[in-house]
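Student: Structure, please.
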Amino acid sequence: LSQTCQLKTGEQISYAEVGDRNGIPCVWINGPASNRFLVALYDEMCTGMGIRLFCFDRPGRGLSTPLRNPKDWTFSSFASYLDELTDLLEIPKFFLIAHSFGSSYALAAYPKLQHKIIGPLRFLATWAPSNLPCMPSSYALQRSLPTGLLRAFTSLSQNPTVTSLQYQLVPCQMGNIGLREREVIHDLYSKEVLERVGQDHLGEGYSAYELDWLLALEVQHKFDFDHRKL
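Tutor: Coordinates of the predicted model:
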């Protein structure tokens, strides 16, 4: 779960690999509040299904080197990292799966990586521009805030006390859930994994988390790709 690759720029990228080492290669792109440890939850499933699943920490997350010029970072920036990483790990072809606004990183990377990607892109809880009618109004509200106030709001949301409360309220946030899902939520191993994931953006990785969130709300840059065209 804590492997690293050295890029030609000298940057280090941390990653996790779970499942069947001889299985079908898949790359998972996280949303804003996750890191490589999240795929630990999928190890048994991937092993059973013959999937070799990779998850790479974006710069500044986990053990990955922070960005030298964070103001220049866009969704398309991650494509070059994925291209080099999959070359280094000798993964010539792979399925691409993304969660939340990890889907925006996947869409932006598609033009550069389409020769490596098998089949269609696969998304879970896909992110879309925050000003679209399908998105919660709270995102549009955050997008309209002055950047300083938005940063303060984002920082408060990652306060350890608030985060701990969010973990306790997970069943309520999910509404009516089945017994199987409730068992997973209260499973000790799952809790430990989620807590480990949460610790990442409460410390040194917070700047990278904030950068992701500002990017998702189009505060720092507009989307550098066209959702409809892709």
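Student: Can you tell me which helix or strand of this structure has the lowest average pLDDT?
Tutor: Between all helices and strands in the chain, the lowest mean by mean pLDDT, DSSP states H and E belongs to helix 170-173, at a mean of 40.
Student: Can you tell me, leaving aside adjacent residues, what's nearest to the spatially most central residue of the chain?
Tutor: By C-alpha atoms, centre = their mean, the chain has its centre lying nearest to residue 30, at 1.7 Å. Spatial nearest neighbour of residue 30, excluding adjacent residues (C-beta to C-beta, 6 or more residues apart in numbering): residue 102 at 5.1 Å. Where C-beta positions appear, they are placed from N, C-alpha and C, glycine not excepted.
Student: ok, and for the helix or strand where residue 110 lies, which residues are buried?
Tutor: Per DSSP states H and E: residue 110 is located in helix 102-113. Neighbour-count burial for helix 102-113 flags 102, 103, 104, 105, 106, 107, 108, 109, 110, 113 (criterion: 16 or more other C-beta atoms under 10 Å).
Student: okay, now the nearest residue to the fifth one once chain neighbours are set aside: neighbour count?
Tutor: This points to residue 106. Closest residue to residue 106 apart from its sequence neighbours, by C-beta to C-beta, 6+ apart: residue 98 at 4.0 Å. For residue 98, the neighbour count with other C-beta atoms under 10 Å is 24.
Student: quick one, what contacts residue 98?
Tutor: 28, 29, 105, 106, 121, 122, 123, 124, 126 (C-beta atoms under 8 Å, 6 or more residues apart in numbering).
Student: nearest to residue 94, of those residues?
Tutor: Lowest distance from residue 94 to the contacts of residue 98 (C-beta to C-beta) belongs to residue 28, with 10.2 Å.
Student: re the thing from before, can you report phi and psi for the residue nearest to the centre of the chain?
Tutor: Note on residue 30: its backbone torsions stand at phi -70, psi 160 [degrees, to the nearest 10].
Student: For residue 54, list the residues it contacts.
Tutor: 15, 16, 17, 25, 26, 27, 28, 89, 91, 94.
Student: Low-confidence stretches in the chain?
Tutor: 130-131, 140-185, 201-203, 230 (pLDDT under 70).
Student: Confirm residue 18 sits in a strand?
Tutor: Yes: under DSSP: H, G, I helix; E, B strand; the rest coil, residue 18 sits within a strand.
Student: Tell me the spatial nearest neighbour of it, not counting adjacent residues.
Tutor: residue 43 (4.0 Å).
Student: where along this protein do the strands fall?
Tutor: Using DSSP state E, the strands of the chain run over 3-6, 12-19, 24-29, 51-56, 95-99, 122-124.
Student: Strand 12-19 and the third one, what's the angle between them?
Tutor: On the basis of axes from the mean of the first three to the mean of the last three C-alpha atoms, to 10 degrees, strand 24-29 is oriented at 130 degrees to strand 12-19.
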